[in-house]
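Student: Got a sequence here, can you build the structure:
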Amino acid sequence: MTQPGTSLDDALAAKIEPFDSFWEAPDDVEAGFNRFATFYRHNYLRYLPADRNSRILVISCGPGYFVSLLKNEGYTRVTGIDSFPEKVEYARKRGLDCRVARAFGFLAASTDAYDAIIAEQELNHLTKDEILRFLALCREKLAEGGTLLVHAINGAHPIVGSESRWGNFDHYNAWTHYSLQQVMEHGGFRDVEVFPLNLYVFYRNPLNYVALLWDAVTRGLFLFSFKMVGKSNKLFSKKIGAVGRKRGRT
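Tutor: Numbering: from 1, shown residues only. This next block holds a predicted model:
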(Lines give C-alpha, C1' and ligand atoms only; values in the text may rest on other atoms or scores of the structure.)
Protein backbone atom coordinates (compact mmCIF):
# COMPACT_ATOMS: atom_id res chain seq x y z
CA MET A 1 0.00 0.00 0.00
CA THR A 2 1.40 3.40 -0.97
CA GLN A 3 1.68 5.85 1.89
CA PRO A 4 0.62 9.42 1.09
CA GLY A 5 3.29 12.06 0.69
CA THR A 6 3.21 15.42 2.36
CA SER A 7 2.80 18.70 0.51
CA LEU A 8 6.60 18.94 0.68
CA ASP A 9 6.96 15.64 -1.19
CA ASP A 10 4.65 16.95 -3.89
CA ALA A 11 6.56 20.25 -4.08
CA LEU A 12 10.06 18.75 -4.48
CA ALA A 13 11.94 20.33 -7.37
CA ALA A 14 13.04 17.08 -9.07
CA LYS A 15 10.66 16.24 -11.91
CA ILE A 16 12.25 13.23 -13.64
CA GLU A 17 14.43 11.45 -11.07
CA PRO A 18 13.11 12.30 -7.58
CA PHE A 19 15.32 11.83 -4.53
CA ASP A 20 13.05 9.26 -2.91
CA SER A 21 13.78 6.61 -5.53
CA PHE A 22 16.94 4.73 -6.54
CA TRP A 23 18.20 5.53 -10.06
CA GLU A 24 21.53 3.73 -10.21
CA ALA A 25 20.40 0.14 -10.70
CA PRO A 26 21.80 -1.60 -13.81
CA ASP A 27 19.53 -2.79 -16.62
CA ASP A 28 19.93 -6.29 -15.21
CA VAL A 29 18.37 -5.52 -11.85
CA GLU A 30 19.07 -8.98 -10.42
CA ALA A 31 22.79 -8.74 -11.24
CA GLY A 32 22.88 -5.50 -9.24
CA PHE A 33 22.39 -7.33 -5.94
CA ASN A 34 25.90 -8.82 -5.98
CA ARG A 35 27.57 -5.72 -7.46
CA PHE A 36 26.05 -3.24 -5.03
CA ALA A 37 26.59 -5.58 -2.08
CA THR A 38 30.32 -5.39 -2.86
CA PHE A 39 30.17 -1.60 -3.09
CA TYR A 40 28.20 -1.10 0.13
CA ARG A 41 30.26 -3.62 2.06
CA HIS A 42 33.50 -1.88 1.03
CA ASN A 43 32.35 1.73 1.45
CA TYR A 44 29.58 1.87 4.06
CA LEU A 45 29.33 -1.15 6.32
CA ARG A 46 32.00 -0.05 8.80
CA TYR A 47 30.02 3.09 9.63
CA LEU A 48 26.86 1.26 10.72
CA PRO A 49 26.07 0.14 14.29
CA ALA A 50 27.66 -3.15 15.30
CA ASP A 51 24.47 -4.23 17.07
CA ARG A 52 22.56 -6.45 14.59
CA ASN A 53 19.33 -5.56 16.41
CA SER A 54 19.69 -1.86 15.48
CA ARG A 55 16.70 -0.26 13.82
CA ILE A 56 17.77 0.92 10.34
CA LEU A 57 15.85 2.87 7.67
CA VAL A 58 17.07 2.83 4.04
CA ILE A 59 15.57 5.70 2.03
CA SER A 60 15.37 5.31 -1.77
CA CYS A 61 15.95 1.58 -1.42
CA GLY A 62 14.99 0.74 -5.00
CA PRO A 63 14.99 -3.03 -5.54
CA GLY A 64 16.47 -3.53 -2.08
CA TYR A 65 20.22 -3.71 -2.70
CA PHE A 66 21.33 -2.22 0.62
CA VAL A 67 18.46 -3.81 2.56
CA SER A 68 19.47 -7.20 1.17
CA LEU A 69 23.11 -6.72 2.15
CA LEU A 70 22.17 -5.70 5.70
CA LYS A 71 19.88 -8.71 6.04
CA ASN A 72 22.70 -10.98 4.85
CA GLU A 73 25.03 -9.33 7.37
CA GLY A 74 22.66 -10.31 10.17
CA TYR A 75 20.72 -7.09 10.76
CA THR A 76 17.17 -8.02 11.75
CA ARG A 77 15.32 -4.69 11.90
CA VAL A 78 15.88 -3.04 8.52
CA THR A 79 13.16 -1.21 6.57
CA GLY A 80 13.48 0.24 3.08
CA ILE A 81 11.25 2.80 1.37
CA ASP A 82 11.06 3.92 -2.27
CA SER A 83 8.42 5.91 -4.16
CA PHE A 84 8.36 3.62 -7.21
CA PRO A 85 6.17 0.50 -6.72
CA GLU A 86 7.80 -1.48 -9.54
CA LYS A 87 11.22 -1.16 -7.86
CA VAL A 88 9.90 -2.17 -4.46
CA GLU A 89 8.29 -5.22 -6.05
CA TYR A 90 11.78 -6.65 -6.72
CA ALA A 91 12.58 -6.33 -3.02
CA ARG A 92 9.33 -7.92 -1.91
CA LYS A 93 9.93 -10.93 -4.15
CA ARG A 94 13.14 -11.45 -2.16
CA GLY A 95 11.29 -11.27 1.14
CA LEU A 96 12.76 -7.89 2.10
CA ASP A 97 10.89 -5.39 4.29
CA CYS A 98 10.59 -2.66 1.65
CA ARG A 99 7.61 -0.38 1.23
CA VAL A 100 6.28 2.13 -1.27
CA ALA A 101 6.50 5.54 0.40
CA ARG A 102 7.62 9.13 -0.13
CA ALA A 103 10.70 10.10 1.91
CA PHE A 104 9.51 13.27 3.64
CA GLY A 105 6.02 11.95 4.34
CA PHE A 106 7.32 8.67 5.75
CA LEU A 107 9.85 10.39 8.00
CA ALA A 108 7.33 12.96 9.24
CA ALA A 109 4.77 10.29 10.10
CA SER A 110 7.23 7.81 11.62
CA THR A 111 7.06 7.28 15.37
CA ASP A 112 10.13 5.04 15.42
CA ALA A 113 13.54 6.17 16.68
CA TYR A 114 16.10 4.82 14.21
CA ASP A 115 19.66 3.87 15.08
CA ALA A 116 20.73 4.56 11.50
CA ILE A 117 19.21 6.24 8.46
CA ILE A 118 20.79 5.73 5.02
CA ALA A 119 19.99 7.76 1.93
CA GLU A 120 20.71 5.40 -0.96
CA GLN A 121 20.14 8.12 -3.59
CA GLU A 122 22.51 11.10 -3.99
CA LEU A 123 21.75 14.31 -2.06
CA ASN A 124 22.18 16.34 -5.24
CA HIS A 125 18.64 15.37 -6.28
CA LEU A 126 17.45 17.85 -3.63
CA THR A 127 17.68 21.64 -3.65
CA LYS A 128 19.50 23.42 -0.82
CA ASP A 129 16.28 24.18 1.09
CA GLU A 130 15.09 20.58 0.63
CA ILE A 131 18.41 19.23 1.92
CA LEU A 132 18.18 21.29 5.10
CA ARG A 133 14.63 20.04 5.71
CA PHE A 134 15.69 16.47 5.00
CA LEU A 135 18.61 16.63 7.43
CA ALA A 136 16.36 18.15 10.11
CA LEU A 137 13.79 15.37 9.66
CA CYS A 138 16.47 12.67 9.80
CA ARG A 139 17.97 14.13 12.95
CA GLU A 140 14.54 14.31 14.56
CA LYS A 141 13.83 10.65 13.80
CA LEU A 142 17.21 9.30 14.94
CA ALA A 143 17.76 7.91 18.40
CA GLU A 144 20.41 9.62 20.50
CA GLY A 145 23.79 8.60 19.09
CA GLY A 146 22.11 7.49 15.84
CA THR A 147 23.89 7.58 12.49
CA LEU A 148 23.00 9.35 9.24
CA LEU A 149 24.78 8.15 6.09
CA VAL A 150 24.54 10.12 2.82
CA HIS A 151 26.47 10.47 -0.43
CA ALA A 152 26.76 12.89 -3.34
CA ILE A 153 28.69 13.72 -6.50
CA ASN A 154 32.09 15.29 -5.90
CA GLY A 155 32.25 18.71 -7.57
CA ALA A 156 35.98 18.92 -6.78
CA HIS A 157 36.86 16.17 -9.27
CA PRO A 158 38.58 18.19 -12.01
CA ILE A 159 37.56 15.82 -14.82
CA VAL A 160 34.00 14.70 -14.06
CA GLY A 161 32.82 17.07 -11.31
CA SER A 162 31.20 19.58 -13.61
CA GLU A 163 29.77 16.98 -15.99
CA SER A 164 28.24 15.08 -13.06
CA ARG A 165 26.63 18.28 -11.78
CA TRP A 166 25.14 19.36 -15.10
CA GLY A 167 24.66 15.98 -16.73
CA ASN A 168 21.31 15.30 -15.09
CA PHE A 169 18.26 17.59 -15.25
CA ASP A 170 17.51 16.77 -11.59
CA HIS A 171 20.96 17.51 -10.16
CA TYR A 172 20.75 20.79 -8.23
CA ASN A 173 24.18 20.98 -6.62
CA ALA A 174 27.60 19.38 -6.31
CA TRP A 175 29.71 18.97 -3.21
CA THR A 176 33.23 19.02 -1.88
CA HIS A 177 34.71 17.60 1.30
CA TYR A 178 34.23 21.00 2.97
CA SER A 179 30.67 21.75 1.84
CA LEU A 180 29.35 18.28 2.70
CA GLN A 181 30.85 18.46 6.19
CA GLN A 182 29.58 22.04 6.48
CA VAL A 183 25.93 21.17 5.78
CA MET A 184 25.99 18.05 7.99
CA GLU A 185 27.28 20.07 10.94
CA HIS A 186 24.80 22.86 10.17
CA GLY A 187 22.08 20.20 10.33
CA GLY A 188 23.10 19.39 13.90
CA PHE A 189 25.20 16.28 13.29
CA ARG A 190 28.44 15.68 15.15
CA ASP A 191 31.51 13.49 14.60
CA VAL A 192 31.02 14.13 10.88
CA GLU A 193 33.36 12.24 8.56
CA VAL A 194 33.47 12.79 4.81
CA PHE A 195 35.13 10.00 2.84
CA PRO A 196 35.83 8.97 -0.77
CA LEU A 197 33.67 6.29 -2.36
CA ASN A 198 35.61 3.58 -4.15
CA LEU A 199 33.67 2.80 -7.34
CA TYR A 200 36.29 0.41 -8.69
CA VAL A 201 35.04 -2.38 -6.47
CA PHE A 202 32.25 -2.84 -9.04
CA TYR A 203 34.65 -4.34 -11.58
CA ARG A 204 36.52 -7.63 -11.53
CA ASN A 205 38.44 -7.75 -14.80
CA PRO A 206 42.23 -7.18 -15.10
CA LEU A 207 41.73 -3.72 -16.61
CA ASN A 208 40.48 -2.66 -13.20
CA TYR A 209 44.08 -2.61 -12.00
CA VAL A 210 44.92 -0.20 -14.81
CA ALA A 211 42.02 1.99 -13.70
CA LEU A 212 43.22 1.89 -10.09
CA LEU A 213 46.73 2.92 -11.17
CA TRP A 214 45.32 5.75 -13.29
CA ASP A 215 43.20 6.88 -10.34
CA ALA A 216 46.23 6.95 -8.02
CA VAL A 217 48.33 8.90 -10.51
CA THR A 218 45.65 11.49 -11.28
CA ARG A 219 44.83 11.88 -7.58
CA GLY A 220 48.45 12.78 -6.89
CA LEU A 221 48.42 15.25 -9.77
CA PHE A 222 45.19 16.83 -8.53
CA LEU A 223 46.56 17.13 -4.98
CA PHE A 224 49.67 18.90 -6.26
CA SER A 225 47.69 21.18 -8.58
CA PHE A 226 45.25 22.20 -5.86
CA LYS A 227 48.09 22.98 -3.45
CA MET A 228 49.72 25.17 -6.07
CA VAL A 229 46.63 27.41 -6.10
CA GLY A 230 46.21 27.40 -2.31
CA LYS A 231 43.42 24.83 -2.05
CA SER A 232 43.43 22.09 0.59
CA ASN A 233 40.87 19.66 -0.88
CA LYS A 234 42.10 16.06 -0.65
CA LEU A 235 39.14 14.01 -1.91
CA PHE A 236 39.07 13.47 -5.67
CA SER A 237 36.87 10.40 -6.04
CA LYS A 238 33.89 10.72 -8.40
CA LYS A 239 31.51 10.50 -5.43
CA ILE A 240 31.91 11.18 -1.74
CA GLY A 241 30.01 9.95 1.30
CA ALA A 242 29.44 11.42 4.74
CA VAL A 243 28.46 10.03 8.10
CA GLY A 244 27.30 11.98 11.15
CA ARG A 245 25.93 11.21 14.60
CA LYS A 246 23.08 12.70 16.57
CA ARG A 247 24.56 13.82 19.87
CA GLY A 248 22.74 16.02 22.35
CA ARG A 249 20.88 19.22 21.61
CA THR A 250 22.16 21.84 19.17
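
Student: since we're on I240, how many residues are nearby?
Tutor: 24 (other C-beta atoms under 10 Å). All C-beta atoms are positioned from the backbone trio N, CA, C, and that covers glycine.

Student: Need the contact partners of the longest strand along the chain.
Tutor: Ranked by number of residues, the top strand in the chain under DSSP state E is strand 142-153. The contact list for strand 142-153 (C-beta atoms under 8 Å, 6 or more residues apart in numbering) reads 44, 47-49, 55, 113-119, 122-124, 135, 138-139, 161, 164-165, 171, 173-175, 180, 184, 189, 197, 238-248.

Student: what ranges of the protein fall below the confidence cut-off?
Tutor: Scanning the chain with the threshold set as pLDDT under 70 gives 1-6, 202-204, 249-250.

Student: Now do the strands in this structure.
Tutor: Using DSSP E, strands in the chain cover 55-59, 77-82, 98-100, 114-119, 142-153, 189-196, 239-246.

Student: Now render the ones you listed as JSON lines, adding distance to V217.
Tutor: Shown next, in JSON lines, are the strands of the chain (distance: least, C-beta to C-beta, whole Å):
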{"stretch": "strand 55-59", "distance to V217": "35"}
{"stretch": "strand 77-82", "distance to V217": "38"}
{"stretch": "strand 98-100", "distance to V217": "41"}
{"stretch": "strand 114-119", "distance to V217": "32"}
{"stretch": "strand 142-153", "distance to V217": "22"}
{"stretch": "strand 189-196", "distance to V217": "16"}
{"stretch": "strand 239-246", "distance to V217": "20"}
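
Student: What subset of the contacts of strand 142-153 is buried?
Tutor: 44, 47-49, 55, 114-119, 122-124, 135, 138-139, 161, 164-165, 171, 173-175, 180, 184, 189, 197, 238-246 (16 or more other C-beta atoms under 10 Å).

Student: Which residue is the nearest non-sequential neighbour of G244?
Tutor: Among residues not flanking G244 along the chain, F189 sits closest, at 2.9 Å (C-beta to C-beta, 6 or more residues apart in numbering).

Student: How much space separates the one you found from K234?
Tutor: For F189, the distance to K234 equals 21 Å [C-beta to C-beta, to the nearest Å].

Student: Kindly report the same for L212.
Tutor: For L212, the distance to K234 - C-beta to C-beta - is 18 Å.

Student: Equivalent analysis for P206, please.
Tutor: Distance from P206 to K234, by C-beta to C-beta: 29 Å.

Student: Repeat that for S7.
Tutor: Counting by C-beta to C-beta, the separation of S7 from K234 is 41 Å.

Student: For the two, indicate the residue with more neighbours.
Tutor: Neighbour tally, S7 and K234, criterion other C-beta under 10 Å: the higher count belongs to K234, 14 against 8.

Student: who touches that one in this structure?
Tutor: K234 neighbours (C-beta under 8 Å, 6+ apart): 177, 223.

Student: Check Y44 too.
Tutor: So Y44 contacts 66, 118, 149, 241 (C-beta under 8 Å, 6+ apart).

Student: nearest residue to the third one other than its sequence neighbours?
Tutor: Ranked by C-beta to C-beta, 6+ apart and with sequence neighbours excluded, the top spatial neighbour of L149 is I118, at 4.6 Å.

Student: Compute the first-to-last residue distance for stretch 221-241.
Tutor: 22 Å (C-alpha to C-alpha, to the nearest Å).

Student: Flag every buried residue along that stretch.
Tutor: For stretch 221-241, by 16+ other C-beta under 10 Å, it's 222, 226, 233, 235-241.

Student: For those, give me TSV that also has distance to C98.
Tutor: Formatted as TSV, these follow (distance: C-beta to C-beta, whole Å):
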residue	distance to C98
F222	39
F226	41
N233	37
L235	31
F236	34
S237	28
K238	27
K239	23
I240	26
G241	22
